[in-house]
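[1] okay, here's the prediction I keep looking at, along with the sequence it came from:
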Amino acid sequence: MNNSGLVGLGGHRVLAAEALGGRQVGMRIDDEMLSFFDPSSGELLRVRPNSLSSQEVRRLRGLRPARPPPRPSVEPVRVQRRISTMGTIMVCRQVVSLGRTYAGQTVTVHVADSNIAVELDGQVRVVERMTDVPVRNVKANKPREVSDVVWAHRQASPGTRTSAITWD
């Protein structure tokens with residue numbers, strides 16, 4: 001798998017997941033789906049539809065007999081989020097309010113099937129999960145950089161009056 005999460009299969013490019021980019025994964029090819037799993041633990045990481053015909057699958061090199069189907073993870077997915085200026089984070093398209101006093105902090109979030117647990121100031125806040133959307137981003141967003149533009153003087157065309165206004 002390349003750094004963008006793409007896999008090349010018989011001349012086709014299949015997007016496994018951007019979050020898995022650069023990671024070593026195993027793949028199980030079934031009639032209707034491609035299952036991507038962790039080769040060491042056998043944990044199911046991602047499932048995608050299979051666009052290959054049975055003839056194209058037979059022409060692939062390096063195939064081995066299939067293992068039992070990979071199993072989904074039973075433990076919560078651990079992610080990081082940066083708290084917005086409004087005091088909220090978004091996990092799996094669900095907004096969780098934590099308070100404006102925590103704005104700018106990075107928190108660890110554990111996402112399970114039924115709840116979202118946020119580690120904040122040595123405490124754990126648990127919120128009921130309202131969506132069934134899977135986790136897409138594991139790491140928090142970097143803070144955006146604002147270019148500092150300082151105007152010391154505002155030059156006017158010759159013959160016009162200048163003002164004493166400056167912008168800092």
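    The structure has been received and is ready for your questions.
[2] and the helices in the protein?
    Along the chain, counting by DSSP state H, helices occupy 54-59.
[3] where does the prediction get shaky in the protein?
    For the chain, applying pLDDT under 70 flags the ranges 70-74, 141-168.
[4] centroid residue for it?
    In the chain, the centroid-proximal residue (C-alpha atoms, centre = their mean) is residue 137; its distance is 1.4 Å.
[5] you'd agree that residue is up against residue 79?
    Yes: using C-beta atoms under 8 Å, residue 137 is in contact with residue 79, at 7.0 Å. For glycine as for every other residue, the C-beta is placed from the backbone atoms N, C-alpha and C.
[6] ok, residue 94 touching residue 130?
    Yes: using C-beta under 8 Å, residue 94 is in contact with residue 130, at 5.5 Å.
[7] who's residue 36 bridged to?
    Using DSSP bridges, the beta-bridge partners of residue 36 come out as residue 27, residue 46.
[8] residues contacting it?
    Going by C-beta atoms under 8 Å, 6 or more residues apart in numbering, residue 36 touches 7, 16-17, 20, 25-27, 44-48.
[9] now distance to residue 66 and neighbour count too, for the residues you listed, in TSV please.
    Formatted as TSV, the contacts of residue 36 follow (distance: C-beta to C-beta, whole Å; neighbours: other C-beta atoms under 10 Å):
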residue	distance to residue 66	neighbour count
7	17	17
16	17	23
17	21	19
20	20	19
25	15	17
26	10	15
27	10	18
44	14	16
45	16	20
46	17	18
47	15	17
48	16	15
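[10] distance of residue 5 from residue 76?
    Using C-beta to C-beta, to the nearest Å, residue 5 is found at 22 Å from residue 76.
[11] quick one, which of the two is more surrounded?
    residue 5 (19 against 16; other C-beta atoms under 10 Å).
[12] for that one, give me its contacts.
    15-21.
[13] thinking again about what came up before, of residue 94 and residue 130, who's got more company?
    Higher neighbour count among residue 94 and residue 130: residue 94, with 15 against 11, using other C-beta under 10 Å.
[14] strands of this structure, start to end?
    Per DSSP state E, the chain carries strands over the ranges 6-9, 12-15, 26-29, 33-37, 43-49, 71-72, 77-82, 88-91, 94-97, 106-111, 115-120, 123-128.
[15] quick one: closest of these to residue 59.
    Closest approach to residue 59 among these (C-beta to C-beta): strand 6-9, 10.3 Å.
[16] noted, bye for now.
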